[in-house]
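Enquirer: structure of the sequence below:
(one chain, ligands or ions: 1)
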Amino acid sequence: MPLKRLTVTGVRNLQPVTLHPSPRINIIHGANGSGKSSLLEAIHLLGLARSFRSTRLQPVIQRGLDACTVFGEVIQPSGVVNSIGITRSKQADYQIRIDGQTVRSIAELAETLPLQLINPDSFRLLEGAPKQRRQYLDWGVFHVEHQFLPVWQRLQKGLKQRNSLLRRGRIQRSLLAPWESEVVNAAEKVDEYRRAYLQQLKPVFEDILSRLVELDDLTLSYYRGWDKEKPLNQVLDEQFERDSVLGYTQAGPQRADLRLRSGTMNAVDVLSRGQQKLVVCALKIAQGSLLKRQGVQQDCVFLVDDLPSELDESHRRALCTLLEDLECQIFVSSVEAEQMRDCWKNDTPLSMFHVEHGRIVQTD
Ligand SMILES: Nc1ncnc2c1ncn2[C@@H]1O[C@H](COP(=O)(O)OP(=O)(O)OP(=O)(O)O)[C@@H](O)[C@H]1O
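Expert: From the prediction side, this is the model:
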């Protein structure tokens, strides 16, 4: 689902601009601090209504302005073109419009423009808390299984109610029963969807990883968030006393994780920085690849901030080949233009954009 037009106003240091990106490879180049990441951030804003660099909206809005706006036209697999507009102002929160209609749900936005981001923070996928890996996993499940979101929302609601009752202190066990049954029901579904997704993802990930780097003993496994030998209702019973003391539910899909191991060790403890980047790229590319193979054949747009960093030339080329083989739209940023220009096949549509002090000019 490539972006065929992109208009950015009031984002960081970027001057107002309208771009017509290539449906395949787009290279954003320029000196440090010129605004390359800000352009990727603007596209991220369009697909997810949030920045990847800041949890607050204020820093994204250009100093001296009250709002930022990003507008894009996205070509869907059916050929239909959706227009998406997102405005974030200092006073209000954000306003999202798809084809002129105000939209409240980020999920709808994410479905219209699925994005995969690879940036220096993506390392958190390996070294960060399980939440990062759950979010990664759920991105994939959300995009391939349309029943996932309502079930996941039911689970969150059930957990919230159970936890708030637990926090009240000495309560009767029976008061929790309706919420526990809601939690257990939704938990089984969430686990089933995650497990089914991972079963499809794993071989794709292993194949992609083997084409990027030799790491034969790297394994990817799934922990569902509670003892695999016991049903969740039994675990909730057993842990009730402790849950009451803590004021929250310890076991369940909210504690699920993906485990990446190198032999018997945590992958993050033994892999080099470059190897970690390649593993993260393989995980993200595997999701993009799987999305494309699904019935709806959706493409996601890849945003790769500072692609060359941490990688030697042969790994850089291997990564570009894999990205290119996906036949998705890709935006990569790099300080060096020439380093990135030669990594693609001659006949793949490629556009180059030079950024200087926030001004973006198409050079190729
Ligand atoms: N709200 C803002 N208003 C104006 N300028 C901003 C704002 N936030 C950040 N900047 C400036 O925008 C510039 C662009 O930063 P950006 O991170 O996009 O650069 P970059 O080209 O990706 O740099 P690097 O190669 O070092 O990663 C920086 O000089 C930064 O100080």
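Enquirer: alpha carbons only for contacts and neighbour counts from here, please
Expert: Will do.
Enquirer: so where do the helices sit in the stretch 201-350 of the chain?
Expert: For the stretch 201-350 of the chain, applying DSSP state H, counting those that start in this stretch gives helices covering 232-238, 240-246, 267-270, 273-293, 313-325, 338-341.
Enquirer: for the residue positioned nearest the centre of the chain, what are its contacts?
Expert: Nearest to the geometric centre of the chain sits Gln116, at 5.1 Å (CA atoms, centre = their mean). Contacts for Gln116 (CA atoms under 8 Å, 6 or more residues apart in numbering) come out as 284, 288, 300-303.
Enquirer: cool, Thr363 as well?
Expert: 351-354.
Enquirer: pull up the gap between it and Ala337, please.
Expert: Distance, Thr363 to Ala337, using CA to CA, to the nearest Å: 11 Å.
Enquirer: hang on, the earlier thing: which one of the contacts of Thr363 is nearest the ligand?
Expert: His354 (10.0 Å; CA to the nearest ligand atom).
Enquirer: other SSEs contacting the host helix or strand of that closest one?
Expert: Counting by DSSP states H and E, the element that carries His354 is strand 350-356. Other elements packing on strand 350-356 under the criterion 3 or more CA pairs under 8 Å, 6 or more residues apart in numbering; DSSP states H and E are strand 25-29, strand 359-362.
Enquirer: show me the contact partners of stretch 171-186.
Expert: Residues outside stretch 171-186 that contact it (CA under 8 Å, 6+ apart): 151-152, 154-155, 158-159, 161-162, 165, 232-233.
Enquirer: apart from its chain neighbours, what residue comes closest to Arg5?
Expert: Residue nearest to Arg5 in three dimensions, not counting chain neighbours: His20, with 4.7 Å by CA to CA, 6 or more residues apart in numbering.
Enquirer: based on its surroundings, how many neighbours for that neighbour?
Expert: Residues near His20, counting by other CA atoms under 10 Å, number 14.
Enquirer: with Ser174 instead?
Expert: Neighbour count for Ser174, taken as other CA under 10 Å: 9.
Enquirer: roughly how far does it sit from Gly252?
Expert: 19 Å.
Enquirer: again, but for Arg194
Expert: Taken as CA to CA, the span from Arg194 to Gly252 is 13 Å.
Enquirer: contacts for the helix or strand of the chain with the lowest mean pLDDT next, please.
Expert: The helix or strand of the chain with the poorest confidence is helix 338-341; it has a mean of 85 (mean pLDDT, DSSP states H and E). The contact list for helix 338-341 (CA under 8 Å, 6+ apart) reads 27, 308, 334.
Enquirer: sort those residues by pLDDT and name the bottom one.
Expert: Least confident entry in those, by pLDDT: Pro308, with 84.
Enquirer: nearest spatial neighbour of that one, skipping sequence neighbours?
Expert: Nearest residue to Pro308, sequence neighbours excluded (CA to CA, 6+ apart): Arg316, at 6.2 Å.
Enquirer: swap in Tyr94?
Expert: Nearest one to Tyr94, counting by CA to CA, 6+ apart, is Arg88 at 4.4 Å.
Enquirer: can you verify my assumption that that neighbour contacts Thr69?
Expert: Yes: counting by CA atoms under 8 Å, Thr69 is a contact partner of Arg88 at 6.5 Å.
Enquirer: count the residues that sit near Asp325.
Expert: Asp325 is flanked by 10 other residues according to other CA under 10 Å.
Enquirer: give me the secondary structure label for the residue nearest to Tyr94.
Expert: What DSSP: H, G, I helix; E, B strand; the rest coil gives for Arg88 is strand.
Enquirer: beta-bridge partners for it, please?
Expert: Per DSSP bridges, the residues bridged to Arg88 are Cys68, Tyr94.
Enquirer: and the gap between it and the ligand?
Expert: 12 Å (CA to the nearest ligand atom, to the nearest Å).
Enquirer: got it, and Phe205?
Expert: For Phe205, the distance to the ligand (CA to the nearest ligand atom) stands at 28 Å.
Enquirer: close to the ligand: what parts of the stretch 251-364 of the chain are there?
Expert: With CA under 6 Å from any ligand atom as the criterion, the stretch 251-364 of the chain meets the ligand at residues Val335.
Enquirer: okay, now whichever residue of the stretch 251-364 of the chain sits closest to the ligand: neighbour count?
Expert: Closest approach between the stretch 251-364 of the chain and the ligand, counting by CA to the nearest ligand atom: Val335, at 5.8 Å. For Val335, the neighbour count with other CA under 10 Å is 21.
Enquirer: do you know the pLDDT at it?
Expert: For Val335, pLDDT reads 94.
Enquirer: wait, it touches Ser34, no?
Expert: No: the pair Val335 / Ser34 is not scored as a contact, 9.4 Å apart, by CA under 8 Å.
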